[in-house]
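> This is a predicted model, with the sequence first.
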Amino acid sequence: MEHVDSIIVGGGIAGLQAAIQLGRYEHKVLVIDAGYGRSTLCRSYHNILGWPDGVSGEELRRLGRLQAEKLGVMFVQDEVVQAVAKGKIGDGFELWGKSGRGYEARTLLLATGLLDRMPELPQLKECLGLTVYVCPDCDGYEIRGRSTIVMGSGDAGAAMALKLRWRTDKLTYVNHQQCAVRSKFLNEMQEKGIHYVAKDIANIIVDAPGSFAGVMLTDGERLQAERGFIAFGGNEVKSDLARQLGADRMENRHIMTDPRSKMTSVPFVWAAGDVGVHAEQVTIAMGEGSQAAIWMNKALLRMNVETNVHKVVIRS
């Protein structure tokens with residue numbers, strides 16, 4: 001039976017940064033990672049200190065895991081599907097994975113993130129982060145002055161197109177699925193010269209691997225552009241474990257945390273990254289992961305003083 005101090009659910013950017021920080025405190029840490037997430041899809045992040053030419057999410061995850069493992073952090077690939085509190089406050093938590101394996105921990109960090117809703121269009125995922133983007137704050141800079149197609153649905157896509165208008169005047173919004181768009185958005189797009197197309201997309205056009213060149217519509221029409229943005233709304237916030245544990249969530253399912261410690265409303269359960277109330281930024285996820293780990297360390301030190309024994313185990 002292996003004794004550890006903390007379990008981190010999620011091996012993305014926030015979870016890895018927390019693991020590194022906790023490892024540097026010399027705690028015994030287990031990261032339970034499903035192996036996929038938002039960061040695994042992004043081919044290049046462009047706004048991270050020290051990476052002026054961009055870095056992929058996969059590369060960040062690879063480097064982060066290597067760094068954490070050098071500090072003694074353990075990893076297991078599994079998807080946690082159930083979590084409950086044990087006994088009274090401070091007795092810890094029980095978790096179960098899809099693998100059938102069970103886990104117990106006194107402290108828990110939820111870094112489960114979110115997944116963007118997008119259609120399964122050929123070539124789309126290969127362009128993400130390179131020439132097709134999801135975050136206007138991260139990558140609005142990349143489309144400045146370029147012809148750009150917003151691939152979206154209903155009001156979410158219209159709002160994205162309007163948000164991007166100050167970056168370029170060569171914008172087209174393709175309302176894939178043809179969901180209703182409020183008249184105020186339609187009027188504003190017309191006033192700002194945004195071309196509006198209410199048709200479904202058949203596939204993405206590329207002129208080289210990862211190089212977006214436009215879209216082919218289901219009626220055979222081709223729309224050419226240099227860059228793309230995605231805005232379908234309804235992203236999946238992966239906070240069901242927080243719900244099971246009784247943590248407070250917002251109406252959009254993001255987990256509410258203390259702004260100073262990142263602890264949730266459930267004692268000894270923290271949350272960091274995109275699953276929380278967030279700005280969907282890699283750098284913020286890093287900061288929140290470190291912030292949560294600092295306060296997890298404080299809690300663990302208090303526990304060790306009070307009990308003088310580690311009560312976190314993994315059981316097969």
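Great, that's in hand.

> quick one: Q21 and I294 touch, right?
Yes - in this structure, Q21 is within contact of I294 by C-beta atoms under 8 Å, at 6.7 Å. C-beta coordinates here come from the backbone N, C-alpha and C atoms, glycine included.

> ranges for the strands of the stretch 1-150 of the chain?
Ranges of strands in the stretch 1-150 of the chain, per DSSP state E, counting those that start in this stretch, are 3-4, 6-9, 29-33, 74-77, 80-85, 93-97, 102-105, 107-110, 114-115, 132-133, 148-152.

> Turn the ones you listed into JSON lines, including distance to G214 and mean pLDDT.
What follows is these, written out as JSON lines (distance: least, C-beta to C-beta, whole Å; pLDDT from 0 to 100):
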{"stretch": "strand 3-4", "distance to G214": "50", "mean pLDDT": "68"}
{"stretch": "strand 6-9", "distance to G214": "39", "mean pLDDT": "97"}
{"stretch": "strand 29-33", "distance to G214": "36", "mean pLDDT": "97"}
{"stretch": "strand 74-77", "distance to G214": "38", "mean pLDDT": "96"}
{"stretch": "strand 80-85", "distance to G214": "40", "mean pLDDT": "96"}
{"stretch": "strand 93-97", "distance to G214": "42", "mean pLDDT": "93"}
{"stretch": "strand 102-105", "distance to G214": "47", "mean pLDDT": "92"}
{"stretch": "strand 107-110", "distance to G214": "39", "mean pLDDT": "97"}
{"stretch": "strand 114-115", "distance to G214": "25", "mean pLDDT": "91"}
{"stretch": "strand 132-133", "distance to G214": "11", "mean pLDDT": "96"}
{"stretch": "strand 148-152", "distance to G214": "7", "mean pLDDT": "98"}
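
> Make TSV out of those and add distance to Q281 and mean neighbour count.
Shown next, in TSV, are these (distance: least, C-beta to C-beta, whole Å; neighbours: other C-beta atoms under 10 Å):
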stretch	distance to Q281	mean neighbour count
strand 3-4	29	16
strand 6-9	20	29
strand 29-33	21	25
strand 74-77	24	15
strand 80-85	25	17
strand 93-97	28	18
strand 102-105	28	20
strand 107-110	18	30
strand 114-115	13	18
strand 132-133	13	26
strand 148-152	20	27
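
> can I get those strands in JSON lines with distance to K262?
Supplementary listing: the strands of the stretch 1-150 of the chain in JSON lines, determined by distance: least, C-beta to C-beta, whole Å:
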{"stretch": "strand 3-4", "distance to K262": "20"}
{"stretch": "strand 6-9", "distance to K262": "12"}
{"stretch": "strand 29-33", "distance to K262": "16"}
{"stretch": "strand 74-77", "distance to K262": "22"}
{"stretch": "strand 80-85", "distance to K262": "17"}
{"stretch": "strand 93-97", "distance to K262": "17"}
{"stretch": "strand 102-105", "distance to K262": "17"}
{"stretch": "strand 107-110", "distance to K262": "8"}
{"stretch": "strand 114-115", "distance to K262": "17"}
{"stretch": "strand 132-133", "distance to K262": "27"}
{"stretch": "strand 148-152", "distance to K262": "31"}
